[in-house]
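Sharing a model that was predicted from the sequence below.
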Amino acid sequence: MTEPSALKVQHVGAHQQNLQQKNQFNQVETIEKRPEQAEATEVGLQDIDLSSCFTDQEFNKQLDSPEYIQLVQAYIDSLEQSNDQQAQLYYTLFSDEMTHDMRLNRMLDYFEYFPEHPLIAQQMINSCSRGVYKRCTNELIYQAIAVDKSNGAIWLSAASYFASKGLDDEVFNAISALEKTSVFNERYGEKVLLYTRALEGATANNFNLNAITGMGKAAALLHPLYSINGWCDVGLSNLVKLEACKVLAQQLVTRSKTALNSAFGEELQTRLDRVNQPDLETTDGDTFLKEINQQKNAMTSFLIFTNEVLLRSYLNNLDQYGEVGATKIAEKDIEQTLSNDPSLLCENTKESFSGL
């Protein structure tokens, strides 16, 4: 990789296109809404017939199309040859050609030249957690933490790293620091939007399809939890360690913005509760994943993922409000549009997929 000399990894939100005011979603300032302001009303979304817009079968056919997949991957791989360091970062993060060692070395290089960018810092720690590498030192990890130290997610990355090295005291410190942070942001939505930006110059430049593919790419970049999972699976006769793992689980359940990390927290909670109560039965209470399933009914999911304006709004809100909160906000936007002109939903769904 050539020395990064011009890379400016800016906040993804600053690059969002100013979509034309082609529908009433643009009039709703969703980013400022709180989830509690976006509770569903009795609109009957499940009773609306949008079958003429773009069916699930047609949508999935496009998403699973070998031609689409090949076009996207070929374009991402081609960015390796670019002299633009922003394009080089896209290649590093998202190319299937990239082995773990290759990605790690490139992320270490990026952090060396751009030590103040939180996404790069987080990804560098995550990469270092997956093995033993001479360039990954404790000093370097703490330098990366300092970039985003008020964000609990970077402390989760650090806890995973220290757990992978068997550094118990450092894991304790990371979990304690995580609990005291003011925000918790895995930057999942940011990474998805970064992937869509990477493909803006591609032939396969459909925002909705690229964003959905980007969700899988971004998920692969999330914290490697197997190290901290293993750490919390042994030595629990040590009550200090048991309590630290309980704190970690509770933080993930209550603060994580992603279903994956929250589900891990719930599973960890259940295991820890059984340490002293092996016959404990799991409760059938309200869990994070159940709430997602309740909120993301079939119609809401269809509209979010097949309507560009809704999907952009959802991704912009995801890192602040989480998957449940972002879905509630989308539901509120849908309801407002339905109350004014239901035909706009269908029109904009068709427009999102025109030219495919």
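Ah, there it is.

Only C-alpha atoms from now on, for both contacts and neighbour counts.
Noted.

for Gln250, what are its contacts?
Applying CA atoms under 8 Å, 6 or more residues apart in numbering, one finds that Gln250 lies in contact with 265-266, 269.

tell me the SS of the residue nearest to Asp168 when sequence neighbours are not counted?
Once flanking residues are discounted, Asp168 sits nearest to Phe162: 7.3 Å by CA to CA, 6 or more residues apart in numbering. With DSSP: H, G, I helix; E, B strand; the rest coil as the basis, Phe162 sits in helix.

going forward can the numbers begin at 496, since that is how I track them
Sure, I'll start counting at 496 from here, so that last one is Phe657.

what sits against Phe657?
624, 663, 665-666.

and which of the residues you listed is nearest to Ile824?
Relative to Ile824, the closest of the contacts of Phe657 is Ser624; by CA to CA it sits at 35.0 Å.

any idea which element the closest residue to Phe702 other than its chain neighbours lies in?
Closest residue to Phe702 apart from its sequence neighbours, by CA to CA, 6+ apart: Thr691 at 6.4 Å. With secondary structure defined by DSSP states H and E, Thr691 is part of helix 683-693.

helices and strands around that helix, which ones?
If you count contacts as 3 or more CA pairs under 8 Å, 6 or more residues apart in numbering; DSSP states H and E, helix 683-693 packs onto helix 580-589, helix 702-715, helix 803-835.

mean confidence for the shortest one?
Helix 580-589 carries an average pLDDT of 94.

what do you get for the last one?
Mean per-residue pLDDT for helix 803-835: 89.

what's the offset of it from the middle of its chain?
Offset of helix 803-835 from its chain centre (CA atoms, centre = their mean, to the nearest Å): 16 Å.

Mind listing what's buried along it?
Residues 803-833 are the ones in helix 803-835 that count as buried (16 or more other CA atoms under 10 Å).

can you check stretch 631-647 too?
For stretch 631-647, by 16+ other CA under 10 Å, it's 631, 635-636, 638-647.

Also stretch 648-666?
For stretch 648-666, burial by neighbour count (16+ other CA under 10 Å) applies to 648-660, 665-666.

Pick out the most distant pair among the residues you listed.
Spatial extent of those (CA to CA) is set by the pair Ala648 and Lys660 at 18.9 Å.

In three-state terms, label the nearest residue to Leu599 once chain neighbours are set aside for me.
Distance criterion CA to CA, 6+ apart; nearest residue to Leu599, sequence neighbours excluded, is Ser622 at 5.4 Å. State at Ser622, reduced to three classes by three-state DSSP: helix.

for Ser622, what are its contacts?
Ser622 sits next to 595, 598-599, 602 when contact means CA under 8 Å, 6+ apart.

now it: how far from Leu743?
Remark: distance between Ser622 and Leu743 (CA to CA, to the nearest Å) = 21 Å.

Repeat that for Leu810.
Applying CA to CA, the value for Leu810 to Leu743 is 26 Å.

again with Leu806
Distance from Leu806 to Leu743, counting by CA to CA: 31 Å.

tell me, what residue is most central in this structure?
Tyr683 (1.9 Å; CA atoms, centre = their mean).

Do I have it right that it meets Gly711?
No - the pair Tyr683 / Gly711 is not scored as a contact, 10.2 Å apart, by CA atoms under 8 Å.

how does this structure divide up, domain by domain?
524-559+783-851, 568-718 (automatic domain parsing).

Verify the contact between Glu611 and Ile640 for me.
No - the pair Glu611 / Ile640 is not scored as a contact, 10.2 Å apart, by CA under 8 Å.

Just read off the phi/psi values of Arg769.
Main-chain dihedrals, Arg769, degrees, to the nearest 10: phi -80, psi -10.

Kindly export stretch 794-807 (C-alpha atoms) in PDB.
Presented in PDB, the C-alpha positions along stretch 794-807 are these (Å, rounded to 0.1, in the frame of the first residue of the first chain):
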ATOM      1  CA  MET A 794     -44.500  -4.400   5.800                       C
ATOM      2  CA  THR A 795     -42.200  -2.100   7.700                       C
ATOM      3  CA  SER A 796     -39.100  -4.100   6.700                       C
ATOM      4  CA  PHE A 797     -40.300  -4.200   3.100                       C
ATOM      5  CA  LEU A 798     -40.700  -0.400   3.000                       C
ATOM      6  CA  ILE A 799     -37.400   0.300   4.700                       C
ATOM      7  CA  PHE A 800     -35.300  -1.900   2.500                       C
ATOM      8  CA  THR A 801     -37.000  -1.100  -0.800                       C
ATOM      9  CA  ASN A 802     -37.300   2.700  -0.400                       C
ATOM     10  CA  GLU A 803     -34.200   4.700  -0.700                       C
ATOM     11  CA  VAL A 804     -35.200   7.700   1.500                       C
ATOM     12  CA  LEU A 805     -36.500   5.400   4.300                       C
ATOM     13  CA  LEU A 806     -33.300   3.300   4.200                       C
ATOM     14  CA  ARG A 807     -31.000   6.300   4.300                       C
END
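
That's all I had, so thanks and see you.
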